[in-house]
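A.B. asks: I would like to see how this sequence folds:
(chains A and B)
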Amino acid sequence: MEFFLQQIMTGLSIGSILLLIALGLAIIYGSMGVINMAHGEFVMLGAYGAWAMNAFFGVGLLPSLIVVFLGVGALGWLVERGVIRFLYRRTLDTILATWGLGVMLQQMIRLSAGGELRYVEMPSVLTGTVGILGVDVPGYRVFIFVFVAALFAVTWYLMFRTTFGTKLRAVVQDRSVASCFGIDADKVYSLTFAYGAGLAGLAGALVAPLKSVSPEMGTTYVVDAFFVVVLGGVQSLFGTVASALMLGELTGGLAYLWNDTIAKALVLLAIIVLIRFRPQGLFVSRIRS
Amino acid sequence: MSNAFTTFLNNRTAVQITVYAIVCGAIFLFPLVLDNDFLLNRYARYLVLGMAAMALSLSWGYAGILNLGQALSFGIGSYCMAMALKLRTVPVHTGEGGLPDFMVWNNVETLPWFWQPFHSMPFALLAGIVVPVFLAVILGWFMFRGRVTGVYVAIITLATLVVGNLLIIDQQRFTGGFNGITDLAQLELFGIEFDAYSKSTYYLVAVCMTVCLFLALAVTKSKAGMILQAVRDHEDRVRFFGYDVAWYKVLAFSVSAGIAGVAGMLYTVVMEFASPTFLGVPLSLSIVIWCAVGGRQSLLGALLGAILVAGMEGTLSESETFLDTWTLIMGAAFVLVVLFLPNGLAGLFEMLRRRLAAQPAEKPTEGATDAAVLADKGAAERS
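C.D. replies: Here you go, the predicted structure:
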């Protein structure tokens, strides 16, 4: 029983990190249809932001989260204004343009911060373990789980309970009609993109203590995050949560049965089959086109 | 400008065939100008990468299938060739019966069954084409029967590529894992030995490239090619006409995979090893980028785009001044091309051709020719 719980905890931990990274992507892809290959680089920038705040200003991880969120968000805003907004009519091309941007961001970091691995320290309050149902779980993982839950709640509130969210959903449904009603679609889209990018930055700062920080770290994340978003269903925030946790549990479980690589390959195969039969995602009952 | 020239310019196919032939001819004559085996090897490499991009243009530009997993076919072809060449190495550190060295290190006792047939070179050459095609037919059938389109095709092909890459790295005992298959023999066909650093290999690549290029051109000019372009532009309309859209897409997808497989085989010959990076996500995305820069809707454009970009990468990354900044320059160039040249460099050429063809003829011509020119021009504008 304890072993079983341990497995579930591992899965939840993987799933919460997946969700953390996928949440920003879900908003950008789900509402704007933009396939942001630079998302992984936003994550990477967040991790470097946390590292730089610590190395140069001696600021701990938790206070630097705010700076990282605002900084990466501002960069996202610039990217949207400078590149993405010209590509809303041909969204598949956003793959190419954002990939080019990602390559540039990687190289800029390599030139300024160096290509070697960096390490970010965990906040000392969170280094201990917490006993949950008789299972010892690292405190930092619990913190991530709680933080992601809170972040999700905020995002959900923003999307469904604020004027901004209403405007965004109106623009997503019909841009021209929304514009006729006086909604500044450009502004709504650029702010949405900035918010998604900011979330990616937060994700990077939060995973930094768990993994080493390198200019290439984003590439693996963006692919995984895409699978989460597509599997959950575009435009469905709850779908994203469910699919992140499902993929987390599946990866954790299969990795125990075989090994990490085979687990990953099997999960990907499952995703391929699921997309084929439910391209609209697992958790979307109806879709507007 | 003479009238005949204008008429010629108005015939898109004629222009295409002429330009394609001129480029291929230039590629064949190139070694006469450049007598440097090291550089020839490098250009042969660019040509091979160009083939992979050209194959992608067939499925992406002509059929609208954005295949982010093009490197899977490429890598499989490359491994097929490497397996055959590995079994031909002079046994120095190999096990009994020419067991490859990395298998000995991984305590593999006998040659696994799927390595056995690679003792035969014809089998390996065939496998390098048939295996990618077979996989493409299965995957294509699986996707297109289910009417999976657009970004979902991109995600499925990307996922397939990652699975292939993971498996190759994981099965180290049989594939050499991260290191790939190194220390290969030289390819020998019809009594000619293809040293990677020699004119013979360059010509081998050039011949294969030319054949594949014109084969792909023939596909696009065939009826199936026309239907594919119609599918790209408006899939539902073609379906309503009663065409089986899925099979046409499978056709484009698998021909593209076959050409990529050939390119992969050549890549092993040119590079003298096979590595999991040959079916990695970065290479696969690079192929897409080359195709986009050159012009996704032009086979030759994609080919030249790959040669140009890969060549620039090679030159810039070696020069002192751009050592650190070349990735920045390339990244910025991609973004600009995507923003301002959606049809790539080939789009520029096409604009130029139309501009020239649209110029009024200097001398008044007979009514009949004029009408023909007008009709032709109309056709060109619609296309």
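A.B. asks: May I have the phi/psi pair for B:Ile192?
C.D. replies: Main-chain torsions, B:Ile192, degrees, to the nearest 10: phi -100, psi 130.
A.B. asks: What parts of chain B come near chain A?
C.D. replies: B:66, B:142-143, B:146, B:148, B:150-152, B:154-156, B:158-160, B:162-163, B:166-167, B:169-170, B:281-282, B:285, B:288-289, B:292, B:324-325, B:327-328, B:330-335, B:338-339, B:342 (C-beta under 8 Å from any C-beta of the partner chain). (Glycine included, C-beta is placed from N, CA and C.)
A.B. asks: Just the buried residues from those, in ChimeraX please.
C.D. replies: Buried residues within the residues of chain B next to chain A, by 16 or more other C-beta atoms under 10 Å in any protein chain shown, are selected in ChimeraX with:
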select /B:66,142,143,146,148,151,152,154,155,156,158,159,160,162,163,166,169,170,281,285,288,289,292,327,328,330,331,334,335,338,339,342
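A.B. asks: Pull up the gap between B:Phe190 and B:Ser200, please.
C.D. replies: Per C-beta to C-beta, to the nearest Å, B:Phe190 is found 11 Å from B:Ser200.
A.B. asks: So for these two, which sits in the more crowded spot?
C.D. replies: Neighbour tally, B:Phe190 and B:Ser200, criterion other C-beta atoms under 10 Å in any protein chain shown: the higher count belongs to B:Ser200, 16 against 4.
A.B. asks: Might you report the residue contacts of the more buried one?
C.D. replies: The contact partners of B:Ser200, by C-beta atoms under 8 Å, 6 or more residues apart in numbering or on different chains, come to B:192-194.
A.B. asks: domains of chain B?
C.D. replies: Domain assignment for chain B by automatic domain parsing gives B:1-33+B:357-383, B:38-282.
A.B. asks: Which one, of those domains, ends up nearest to A:Pro63?
C.D. replies: domain B:38-282 (35.5 Å; C-beta to C-beta).
A.B. asks: What mean pLDDT does that closest one get?
C.D. replies: For domain B:38-282, mean pLDDT rounds to 85.
A.B. asks: Just the buried subset of the contacts of B:Ser200, please.
C.D. replies: For the contacts of B:Ser200, a burial check counting by 16+ other C-beta under 10 Å picks out B:Phe194.
A.B. asks: which of the contacts of B:Ser200 lies closest to A:Ala194?
C.D. replies: B:Phe194 (54.5 Å).
A.B. asks: one step back: buried deepest among the domains of chain B, which one?
C.D. replies: With neighbours taken as mean count of other C-beta atoms under 10 Å in any protein chain shown, the domains of chain B reach their highest mean count in domain B:38-282, at a mean of 20.
A.B. asks: now the end-to-end length of that one.
C.D. replies: 25 Å (C-alpha to C-alpha, to the nearest Å).
A.B. asks: Same check on stretch B:241-250?
C.D. replies: Using C-alpha to C-alpha, first and last residues of stretch B:241-250 are 18 Å apart.
A.B. asks: what's in contact with it?
C.D. replies: Contacts of stretch B:241-250 (C-beta under 8 Å, 6+ apart): B:63, B:65, B:136-137, B:140-141, B:144-145, B:147, B:224, B:227-228, B:231, B:235, B:238-239.
A.B. asks: My read is that B:Tyr46 contacts B:Ala306, right?
C.D. replies: Yes: applying C-beta atoms under 8 Å, one finds B:Tyr46 in contact with B:Ala306, separated by 6.9 Å.
A.B. asks: Turn the contacts of B:Ser200 into a markdown table, columns for distance to B:Thr18.
C.D. replies: Formatted as a markdown table, these follow (distance: C-beta to C-beta, whole Å):
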| residue | distance to B:Thr18 |
| --- | --- |
| B:Ile192 | 31 |
| B:Glu193 | 35 |
| B:Phe194 | 31 |
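A.B. asks: Relative to chain A, which of the contacts of B:Ser200 is nearest.
C.D. replies: B:Phe194 (34.1 Å; C-beta to the nearest C-beta).
A.B. asks: Over to the closest one: give its phi and psi.
C.D. replies: The phi/psi pair for B:Phe194 (degrees, to the nearest 10) is phi -100, psi 90.
A.B. asks: ok, it - contacts?
C.D. replies: B:186-188, B:200-201, B:204, B:269.
A.B. asks: can you confirm A:Gly131 is in a strand?
C.D. replies: Yes: looking at A:Gly131 with DSSP: H, G, I helix; E, B strand; the rest coil, it is inside a strand.
A.B. asks: got a list of what it touches?
C.D. replies: A:Gly131 touches A:Val137, counting by C-beta under 8 Å, 6+ apart.
A.B. asks: And it, how far from chain B?
C.D. replies: Distance of A:Gly131 to chain B, computed by C-beta to the nearest C-beta, to the nearest Å: 35 Å.
A.B. asks: Stretch A:125-145 spans what distance, first to last residue?
C.D. replies: Where stretch A:125-145 begins and where it ends lie 16 Å apart, using C-alpha to C-alpha.
A.B. asks: Skip the chain neighbours and tell me the closest residue to the closest residue to chain B within the stretch 151-289 of chain A.
C.D. replies: Closest residue of the stretch 151-289 of chain A to chain B, C-beta to the nearest C-beta: A:Thr261 (4.1 Å). Nearest residue to A:Thr261, sequence neighbours excluded (C-beta to C-beta, 6 or more residues apart in numbering or on different chains): B:Asp170, at 4.1 Å.
A.B. asks: Fine by me, thanks again.
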